[in-house]
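Engineer: got a predicted structure here, sequence first:
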Amino acid sequence: MATILDKPETKEAMSSLNLEKIRRDFPILRREVDGKRLVYLDNAATSQKPLSVINKISEYYQRYNANVHRGIHTLSEEATAMYEGTRETVRHFIDAKETCEIIFTRGTTEGINLVASTWGRQNVLPGDEIVLSPMEHHSNLVPWQVLAQEREAKLVFLELTAEGEIDMEAAAKLIGSRTRIVAVTQMSNVLGTINPIKELAALAHKQGAVILVDGAQSVPHMQISVQEMDADFVAFSLHKMLGPTGVGVLWGKKDILKAMPPYMYGGDMIASVSRERSRYNELPWKFEAGTPNIGDVIASAAAFEYLTTMGLDNVREHEVEITRYALNRLREINGITIYGPKDPQKRGGVISFNMKDIHPHDLGQILSDAGIAIRAGHHCCQPLMKDLQVMGTARASFYIYNTFEEVDMLLAALREADKVMGNVAYR
Ligand SMILES: Cc1ncc(COP(=O)(O)O)c(C=O)c1O
């Protein structure tokens, strides 16, 4: 019987994964767009979902839909066991020490907001510095801007090299005694750059600061160990890693989480309540006020299991190879500008580019007409667009079901776009 790791005898044998078999698990990949086969290359925005995840959502609502933690009936006990079981699955997946360090959120954005408004308000004082990289998604920038304004703190930005990597020599000088937190993405959603978290964590800790890692683009695509990288917080979203929308994880070191005030107040986050005051619940429930997204959290376990069975090292290897192939093929096109590191080992499967003076939205539209879904625009990184001196980019991003043939289809459609639009000047 073929397994996920068996390779077929085709061009796709360049992959570490059995793409044909994987693709059969994703019903949406069989659909057509305007009579053309769907080529989904917008995985950095959100990934597609395998049947096992879709079925698990349906199973929850059909078999044991009930509220968690409060009921003493069978359905509630089953739902609670599945919900809390997912927490243990997450702990194992990211190599956290304890399950109480895993907080379910709505996504990366909520996780970062939680830290900025609880830990941030408690620890950032006037004159303190919050260190960010210039490649941060708005989700890991705006919450810190608001905190800095509120606390009269200062935002300090790391510097990038010409290839879009963090200049670590400059970082060693910029992270200083006034630094309270370094908040940085592990993988850029624009440049694809993979940042050296362990080294940044060491610089932060040397100054008595903490480090928050935006794992939205890294956790779905590479094996991480929160202990090994020595981060203090890591936030990520399930919808970018085969899971449902509306579920995220915030992991934090237990001692730090314990000392933080709650984020939201209400049911489930309390130990006891009197008319005047309340005692708060233990970790992690202290940070999970109200009825959580039970069905989607439970279904997320199927996403973690799918990736674990496949092996994150195989996922990464596939993405390095397909990115290498795509970078080489894209470089064949005259007048193309590709952003980020040249070496596919130094980046994730996200390729942002511009072609001559063609507006990225026009490119996106022409590709869409060919059944190819990419993203075009500022990718929620407006300051980075300003640094790159562009109004936006086109972005193709890969995942476990993307084939080398699909890269060829992207190339063919880009050549077509060049024919139609290549002489149009926008600037
Ligand atoms: C690097 C990065 N950070 C944060 C986010 C925000 O994630 P979410 O919208 O799931 O909260 C994204 C989403 O694209 C991202 O790419």
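Structural biologist: That came in fine, so what should we check first? As the structure is a prediction and not an experimental result, all values here were calculated from the model.

Engineer: following the longest helix seen in the chain, which helix or strand comes up?
Structural biologist: If you go by DSSP state H, the chain has its longest helix at helix 74-94. Later in the chain than helix 74-94, the nearest helix or strand by DSSP states H and E is strand 102-105.

Engineer: stretch 115-133: how far from the chain's middle?
Structural biologist: With C-alpha atoms, centre = their mean, to the nearest Å as the basis, stretch 115-133 stands 22 Å off its chain's centre.

Engineer: and it, average pLDDT?
Structural biologist: For stretch 115-133, mean pLDDT rounds to 98.

Engineer: do the same with stretch 136-143
Structural biologist: 98.

Engineer: so which bits of the helix or strand harbouring Ala299 are buried?
Structural biologist: Assigned by DSSP H and E, Ala299 belongs to helix 294-310. Neighbour-count burial for helix 294-310, with 16 or more other C-beta atoms under 10 Å as criterion, is recorded at 294-307, 310. To be clear about C-beta, it is placed using only N, CA and C from the backbone, and glycine gets the same treatment.

Engineer: same question, stretch 272-288
Structural biologist: Using 16+ other C-beta under 10 Å as the test for burial, stretch 272-288 gives 280-281, 283-288.

Engineer: quick one: end-to-end length of it, please.
Structural biologist: Counting by C-alpha to C-alpha, to the nearest Å, you get 15 Å between the two ends of stretch 272-288.

Engineer: residues contacting it, please?
Structural biologist: 69, 87, 99-104, 114, 250, 254, 257-258, 262-263, 265, 268-271 (C-beta atoms under 8 Å, 6 or more residues apart in numbering).

Engineer: buried subset of those, written for ChimeraX?
Structural biologist: Buried subset of those, written as a ChimeraX selection, criterion 16+ other C-beta under 10 Å:
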select :69,87,99,100,101,102,103,104,114,250,257,262,263,268,269,270
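
Engineer: taking the stretch 251-400 of the chain, what residue is nearest to the ligand?
Structural biologist: Cys380 (6.2 Å; C-beta to the nearest ligand atom).

Engineer: next, the contact list for that residue, please.
Structural biologist: 137-139, 189.

Engineer: Leu158: which of the residues you listed is nearest?
Structural biologist: Nearest to Leu158, judged by C-beta to C-beta, of the contacts of Cys380 is His137 at 14.9 Å.

Engineer: any idea how far the closest one is from Val68?
Structural biologist: Per C-beta to C-beta, to the nearest Å, His137 is found 31 Å from Val68.

Engineer: residues near Leu160, how many?
Structural biologist: The number of residues packed around Leu160, counting by other C-beta atoms under 10 Å, is 20.

Engineer: now it, nearest residue through space, not along the chain?
Structural biologist: Among residues not flanking Leu160 along the chain, Pro134 sits closest, at 5.7 Å (C-beta to C-beta, 6 or more residues apart in numbering).

Engineer: which SS state does the residue of the stretch 251-400 of the chain closest to the ligand fall under?
Structural biologist: Three-state assignment for Cys380 (DSSP: H, G, I helix; E, B strand; the rest coil): coil.

Engineer: quick check, pLDDT for it.
Structural biologist: Per-residue pLDDT puts Cys380 at 97.

Engineer: low-confidence ranges in the stretch 301-427 of the chain?
Structural biologist: Along the stretch 301-427 of the chain, segments meeting pLDDT under 70 span 423-427.

Engineer: all the strands of it, residue numbers only.
Structural biologist: 336-338, 350-355, 372-373, 375-377, 393-397 (DSSP state E, counting those that start in this stretch).

Engineer: mean neighbour count and distance to Asp232 added to the ones you listed, as CSV?
Structural biologist: CSV is the format used below for the strands of the stretch 301-427 of the chain (neighbours: other C-beta atoms under 10 Å; distance: least, C-beta to C-beta, whole Å):
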stretch, mean neighbour count, distance to Asp232
strand 336-338, 15, 34
strand 350-355, 25, 25
strand 372-373, 20, 36
strand 375-377, 20, 31
strand 393-397, 26, 28
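
Engineer: can you give me the end-to-end distance of stretch 190-205?
Structural biologist: OK, stretch 190-205 end separation, C-alpha to C-alpha: 28 Å.

Engineer: my bad, stretch 157-165
Structural biologist: 13 Å.

Engineer: what mean pLDDT does it get?
Structural biologist: So the average pLDDT for stretch 157-165 ends up being 97.

Engineer: quick one: contacts of that stretch?
Structural biologist: 131-135, 166-167, 170-171, 174, 184, 188, 191, 193, 195, 339-342, 346, 387.

Engineer: partner strands of the host helix or strand of Ile211, with direction?
Structural biologist: Secondary structure assignment for Ile211, by DSSP H and E: strand 210-214. Here strand 210-214 is paired, per DSSP bridges, with strand 179-185 (parallel), strand 233-237 (parallel).

Engineer: of all these, which one comes closest to Tyr325?
Structural biologist: strand 179-185 (24.7 Å).

Engineer: how about the residues of the stretch 201-350 of the chain that lie near the ligand?
Structural biologist: The stretch 201-350 of the chain comes close to the ligand at residues 214, 216-217, 237, as judged by C-beta under 6 Å from any ligand atom.
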